[in-house]
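**Student:** coords please:
(chains A, B, C and D)
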There are 4 protein chains.
Amino acid sequence: MIEAALFGAGRIGKIHAANLARQVGVRLKYVVDVHVESARELAQLHGASVVGVDQALEDPSIKAVVVASSTDTHADLIVRAAAAGKAIFCEKPVDLTLARAQAAADAVKQAGVLCMIGFQRRYDPTFAAVKARLQAGEIGVPEMLTVTSRDPGAPPVSYIKVSGGIFKDMLIHDFDIFRWILDDEAASVYATGSCLTDPAIGEAGDLDATAVTIRTRKGRLCQINTTRRAAYGYDQRFEILGSTGMLQAGNHRPTEVTAYSAHSVSADKPEHFFLERYRAAYAAEMAHFFDALVNGTPLRTTVHDGLKALELAEAATTSWREQRIVHL
Amino acid sequence: MIEAALFGAGRIGKIHAANLARQVGVRLKYVVDVHVESARELAQLHGASVVGVDQALEDPSIKAVVVASSTDTHADLIVRAAAAGKAIFCEKPVDLTLARAQAAADAVKQAGVLCMIGFQRRYDPTFAAVKARLQAGEIGVPEMLTVTSRDPGAPPVSYIKVSGGIFKDMLIHDFDIFRWILDDEAASVYATGSCLTDPAIGEAGDLDATAVTIRTRKGRLCQINTTRRAAYGYDQRFEILGSTGMLQAGNHRPTEVTAYSAHSVSADKPEHFFLERYRAAYAAEMAHFFDALVNGTPLRTTVHDGLKALELAEAATTSWREQRIVHL
Amino acid sequence: MIEAALFGAGRIGKIHAANLARQVGVRLKYVVDVHVESARELAQLHGASVVGVDQALEDPSIKAVVVASSTDTHADLIVRAAAAGKAIFCEKPVDLTLARAQAAADAVKQAGVLCMIGFQRRYDPTFAAVKARLQAGEIGVPEMLTVTSRDPGAPPVSYIKVSGGIFKDMLIHDFDIFRWILDDEAASVYATGSCLTDPAIGEAGDLDATAVTIRTRKGRLCQINTTRRAAYGYDQRFEILGSTGMLQAGNHRPTEVTAYSAHSVSADKPEHFFLERYRAAYAAEMAHFFDALVNGTPLRTTVHDGLKALELAEAATTSWREQRIVHL
Amino acid sequence: MIEAALFGAGRIGKIHAANLARQVGVRLKYVVDVHVESARELAQLHGASVVGVDQALEDPSIKAVVVASSTDTHADLIVRAAAAGKAIFCEKPVDLTLARAQAAADAVKQAGVLCMIGFQRRYDPTFAAVKARLQAGEIGVPEMLTVTSRDPGAPPVSYIKVSGGIFKDMLIHDFDIFRWILDDEAASVYATGSCLTDPAIGEAGDLDATAVTIRTRKGRLCQINTTRRAAYGYDQRFEILGSTGMLQAGNHRPTEVTAYSAHSVSADKPEHFFLERYRAAYAAEMAHFFDALVNGTPLRTTVHDGLKALELAEAATTSWREQRIVHL
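**Tutor:** As a prediction, the model looks like this:
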């Protein structure tokens, strides 16, 4: 039986706790959260105890930690958990600054522990199937990637102010998808954007709509378009053109009902938001983490991936702020 | 230059005249219609003259006639045109009674002339592609056919009263599709139906919704569902299950616009009605007729096909009226 | 805490056990199966004990039983569990004979216990959404239902021989869908069919392809087409035409990948078979059962529904065997 | 009767001649082409005469000219036809250099003649429907446009060498779509690209894959991706995100057949290439030209639009060549 500790009992912490509970041979022993009431409630649901960070990390029976606390705690918890020899599952992003993220990566390397970053999209059935078919050579050599990544609505401006900006908060996922799907690194990044949905976002120094272009070392092209507010819901698609064909990853829908009226033929909107859209992905990534821990399966999303995505987010931010093409 | 005469200057006559005008090496010489004003207008548009039936049939320069007049004139015109040695294109149905239709078929046989029946659906790009792929063996041996055939709205009851009933007026096309796609003949027919949209249709002794089942000599199964009123428009689909797969013929739409709103994702309704849906089919069938006339290409829809479809319409009518399975 | 006993530890029993385990406040106490090894394995997975039928029914702490054993045991277990005052969840069909099914229904009525039949399709997200939208009046008055229900491959002939025939084994679900969606009862049933995929099925006195037509008391029409072998997989669709529109329930797919090749644009086949297609439905029906038990929510699928579906299966069998329309 | 002259009897000239012939009250009088054999053949088909440029422009009975000759002749023919007082329909682009295109626009302005540029995509049923729905306010204020524009295969390198480069030859259409759909002008342009399909294209100083980003004066964003070689065919899509929804213009397909096999569910590839895809658009634009000439309907695609699209193509070329963001 592997015993685990969870840091963070918020929305995403609850998802991870439930998925962790479904792993055969794994038990949630501790829940840690500064908001004790939340910790207590979640711990009770899963027969776990509420403890502090120190106690969780000092308990030698704890083999794995799941970091789902606020972003500013990630790097520090990684460093400490690594030092304690725990296997680490950490929500994205590693940190909002490259220096701290690098420090976390170094600590992981030095300790030689497992550290998986929660880029859950790589575990989505549709996205993973595209990757597998691409690797199987179905469309030849990849040439061009188009990513559409749109939220149904903007978070509160208070959140945006501490989010690190849209490139680190929202596009971090898309940058990871880019690296994973094209299997190549960026040579140049160009980013532009606008504030079109809420002036308060602009006043907070951020964008709510962006257009990013990446050219890779091998000359492959990637365009990413994002917005904080797609009136029709959560839009998560990409398409990859290869030398002999194309693969598209489409949205998922709640049901397969089609309605014919006097006006049109209509289907469901996409799944509401990330909790619904990536439900299967969250389950699969947790299974993957414990599979890596128990069976030594290679990790699909490492702390290195976390660093590289952050690097791209930094480059995009610079490109937008300084209105120039950033070469990497 | 092949010179042709057109009988009937109504809605479908105009379509045929325009398609005839597009055939290279063919010229519309005469337009015949009891409604002289319509004849004159259509003749003028195409540089043709208005004459009577006799004059049209007695002119030896006329090699081909297109019969698009009212149903009750079809059989007689076929008999007379055959006797005059003309190649005949005749709108469906051959007649509302089997005896008269048989007489027309006999006249054609005796005269040895070409006689094509306007089952335009066989010339529709989508339907024809299904047939071609079926013949190429793409889904193995055909086993089961489902036909959905729905009009957007019922015609006036005055029309329904002289239409021969829904099986001869509307399902005649579906019976032809059945024979063509399954490449087999009916062993038994079961038909039922209801009057659900307008009581006046029932009072006129007809149905507005039907469900027909045909079992073929080879044991293949066919189900046809029809209605006079589909609120969402003209619905023309079928699907054929084979031993190794299935082929579906779907509706055509005016545009390929997809709209995402806060409520749903929607596309266009199907093409409005038969003139729009089968525009390409009407053009292709006229080209086919003159191709047969000039180059001897075998006819795809003969007077025999007209007879067999009528036979099925009769059997279905009997099955419904007498509430029994009709064996053929 | 509600304690429950499970009869049957086979394929479907395992599904029910897992879903039962997810209900908050419910505990699987006993697993009963003549095949002790299976019972032991499943019991161990869920911390339950292996006992015999008597012990399970005599334990007053058992409030609910789940009957997932072989069909021939259903009616008897219902009768005994009802007599013991247990709430009953029973897999379809109630029995293969109307008399025994009626006896079970009578026992339930007399005991005044809850008895839910596992017509899981009514709990499928897509099917349930169609029903809800229909009830909300979205397409007006229902007029015509078309059901396509096809298995990916036939079971062994040994199974077919004891299955009660295709109408009771396979179409029982479709008959239930018919009653539920049209909210009406059959006035007449016509069924025909063929043996097209495997002569051994015909030799066993059964069909592998059927075409059924039902006309309801209100004159509504329903056509069902089924086959034991759809080469492209498990095909579970229906469409309901109403006076002001149409609703279609489409297949579910494993992923939303679309592939563009030099030959075609392709998507996934439907979910492989019923365990995949109805995964969500199986979970929802078990939640519904305990919701009814705990909160008194009205059952969506009662033993009466089981009886009525069986009645239709009998009528269809008679129609096919005696080649006549059966009036109910 | 309006008499017209056609310059250019090649592939696109033939399309225009056939569409011109379908206009009621319009007659093709002259065909002009340096390749006399082609001119003769096309003239004969439409009952026209073969003449030289001078004779065509000097004939006062000629009210309209259609310029479908090689790109390097466009500007000169526009200038001369304008001076002769003819209404002008000219294929895109106006010219490969801004100076000459401007001179042509000036000549048109000075002469006060009608001059329509053949951006046929604006007349495509799907694209035009998106524009109309956008204008009707269906998705609120436009915010973001994504254009996918891919050819099925590259033209010969000999053609590419005189084409003006991919931005002027291929993206000229997409730049026009951008201006038309967003109803705004570019503030900045960023273009990058690669040579991925054929090194000979790169050696000729051109690209075969591009990624362009435009930010408009109102802050709207546009991303265009193109390639000379999409293995699956001619891909012509765009999607426009608005403040209250999204509209997508999808590909057209030859038929609506869907095939279910043991491996996948597949549909037709998009229409083969521009002649097939834009067949309806070519017909509609010619009707629009004569409608403007006869009835004074405002032109949808003027010589000014031709100039502005060329300006964007120049800016994109510069952005790519000099690896910088171009501000307009």
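
**Student:** and the next element down the chain from the host helix or strand of residue A:177?
**Tutor:** Per DSSP states H and E: residue A:177 is located in helix A:171-182. Where DSSP H and E defines the elements, the next helix or strand beyond helix A:171-182 is strand A:186-194.

**Student:** and the angle for that following strand with helix A:171-182?
**Tutor:** Angle, strand A:186-194 to helix A:171-182, by axes from the mean of the first three to the mean of the last three Cα atoms, to 10 degrees: 140 degrees.

**Student:** Given strand A:186-194, what are its sheet partners and their directions?
**Tutor:** In the sheet, strand A:186-194 lines up against strand A:209-216 (antiparallel), strand A:326-327 (antiparallel) (DSSP bridges).

**Student:** avg pLDDT for the following helix or strand past it?
**Tutor:** Using DSSP H and E, the next helix or strand after strand A:186-194 towards the C-terminus is helix A:199-203. The average pLDDT within helix A:199-203 is 96.

**Student:** What is the burial count for the residue lying closest to residue A:328 once chain neighbours are set aside?
**Tutor:** Leaving aside its sequence neighbours, residue A:328 sits nearest to residue A:186 (Cβ to Cβ, 6 or more residues apart in numbering or on different chains; 5.2 Å). Every residue, glycine included, has its C-beta placed from N, CA and C. If you count neighbours by other Cβ atoms under 10 Å in any protein chain shown, residue A:186 ends up with 23.

**Student:** show me the contacts for residue A:186.
**Tutor:** Residues near residue A:186 by Cβ atoms under 8 Å, 6 or more residues apart in numbering or on different chains: A:178, A:214, A:215, A:216, A:217, A:312, A:315, A:328.

**Student:** tell me which of those residues is nearest to residue C:13?
**Tutor:** Nearest to residue C:13 out of the contacts of residue A:186 is residue A:178 (Cβ to Cβ; 46.0 Å).

**Student:** Could you count how many residues lie near that closest one?
**Tutor:** When neighbours are defined as other Cβ under 10 Å, residue A:178 has 27 of them.

**Student:** Against chain D, how distant is residue A:217?
**Tutor:** Residue A:217 sits 11 Å away from chain D, going by Cβ to the nearest Cβ, to the nearest Å.

**Student:** With residue A:31 instead?
**Tutor:** Residue A:31 sits 40 Å away from chain D, taking Cβ to the nearest Cβ as the criterion.

**Student:** okay, now that residue: neighbour count?
**Tutor:** If you count neighbours by other Cβ under 10 Å, residue A:31 ends up with 28.

**Student:** and it, helix, strand or coil?
**Tutor:** State at residue A:31, reduced to three classes by DSSP: H, G, I helix; E, B strand; the rest coil: strand.

**Student:** what does the stretch 201-328 of chain A have sitting close to chain B?
**Tutor:** Residues of the stretch 201-328 of chain A found near chain B (Cβ under 8 Å from any Cβ of the partner chain) are A:230-233, A:259-270.

**Student:** Kindly recompute the last result at 10 Å.
**Tutor:** Residues of the stretch 201-328 of chain A lying near chain B by Cβ under 10 Å from any Cβ of the partner chain: A:230-233, A:235, A:251, A:253, A:257-270.

**Student:** from those, which would you call buried?
**Tutor:** A:230-233, A:235, A:251, A:253, A:257-261, A:264-270 (16 or more other Cβ atoms under 10 Å in any protein chain shown).

**Student:** How are the helices of the stretch 151-300 of chain A distributed by residue range?
**Tutor:** Secondary structure of the stretch 151-300 of chain A, counting by DSSP state H, counting those that start in this stretch: helices at A:157-161, A:166-169, A:171-182, A:199-203, A:274-277, A:279-295.

**Student:** Please indicate which of the contacts of residue A:186 has the highest neighbour count?
**Tutor:** Ranking the contacts of residue A:186 using other Cβ under 10 Å puts residue A:214 first, with 30 neighbours.

**Student:** and it, bridged to which residues?
**Tutor:** Residues in a beta bridge with residue A:214, per DSSP bridges, are residue A:189, residue A:222.

**Student:** you'd agree it is up against residue A:185?
**Tutor:** Yes. Using Cβ atoms under 10 Å, residue A:214 makes contact with residue A:185 at a distance of 9.4 Å.

**Student:** buried set for the top helix by length along chain A?
**Tutor:** Secondary structure of chain A per DSSP state H: the longest helix is helix A:303-322. For helix A:303-322, the neighbour count (16+ other Cβ under 10 Å) marks A:303, A:305-317, A:319-320 as buried.

**Student:** just for the stretch 101-250 of chain A, where's the confidence low?
**Tutor:** Along the stretch 101-250 of chain A, no part satisfies pLDDT under 70.

**Student:** could you measure the residue nearest to residue A:328 against residue B:38, distance?
**Tutor:** Distance of residue A:186 to residue B:38, given as Cβ to Cβ, to the nearest Å: 70 Å.

**Student:** Report the central residue of chain A.
**Tutor:** With distances taken as Cα atoms, centre = their mean, residue A:119 lies nearest the centre of chain A, 3.3 Å away.

**Student:** Backbone dihedrals for it, please?
**Tutor:** Dihedral angles of residue A:119 (phi, psi; degrees, to the nearest 10) stand at phi -80, psi 80.

**Student:** ok, so what distance separates the residue located most distally from the centre of chain A from residue B:188?
**Tutor:** Residue farthest from the centre of chain A, counting by Cα atoms, centre = their mean, is residue A:262 at 41.8 Å. Applying Cβ to Cβ, the value for residue A:262 to residue B:188 is 38 Å.

**Student:** so residue A:140 sits in a helix?
**Tutor:** No. Residue A:140: not assigned to a helix; according to three-state DSSP it is coil.

**Student:** Distance check, it against residue D:195.
**Tutor:** Plainly put, residue A:140 is 16 Å away from residue D:195 if you go by Cβ to Cβ.

**Student:** Tell me which of those two has more neighbours.
**Tutor:** More crowded of residue A:140 and residue D:195, by other Cβ under 10 Å: residue D:195, with 19 against 13.

**Student:** Disregarding residues adjacent in the polypeptide, which is nearest to that one?
**Tutor:** residue D:202 (3.4 Å).

**Student:** Around that neighbour, how many other residues sit close by?
**Tutor:** There are 15 residues near residue D:202, going by other Cβ under 10 Å.

**Student:** my read: it touches residue D:196, true?
**Tutor:** Yes. Residue D:202 lies in contact with residue D:196 (Cβ under 10 Å); the separation is 9.1 Å.

**Student:** Common neighbours of these two, please.
**Tutor:** The contact sets of residue D:202 and residue D:196 overlap at A:219, D:208 (Cβ atoms under 10 Å, 6 or more residues apart in numbering or on different chains).

**Student:** and residue A:306, how far is that from chain C?
**Tutor:** From residue A:306 to chain C the distance is 26 Å (Cβ to the nearest Cβ).

**Student:** Any idea how far stretch A:101-119 is from the middle of the chain?
**Tutor:** In terms of Cα atoms, centre = their mean, to the nearest Å, the centre of stretch A:101-119 is set 16 Å apart from its chain centre.

**Student:** Then stretch A:55-65?
**Tutor:** 25 Å.

**Student:** Tell me the buried residues in it?
**Tutor:** The neighbour-count check on stretch A:55-65 (16+ other Cβ under 10 Å) flags A:56, A:57, A:59, A:62, A:63, A:64, A:65 as buried.
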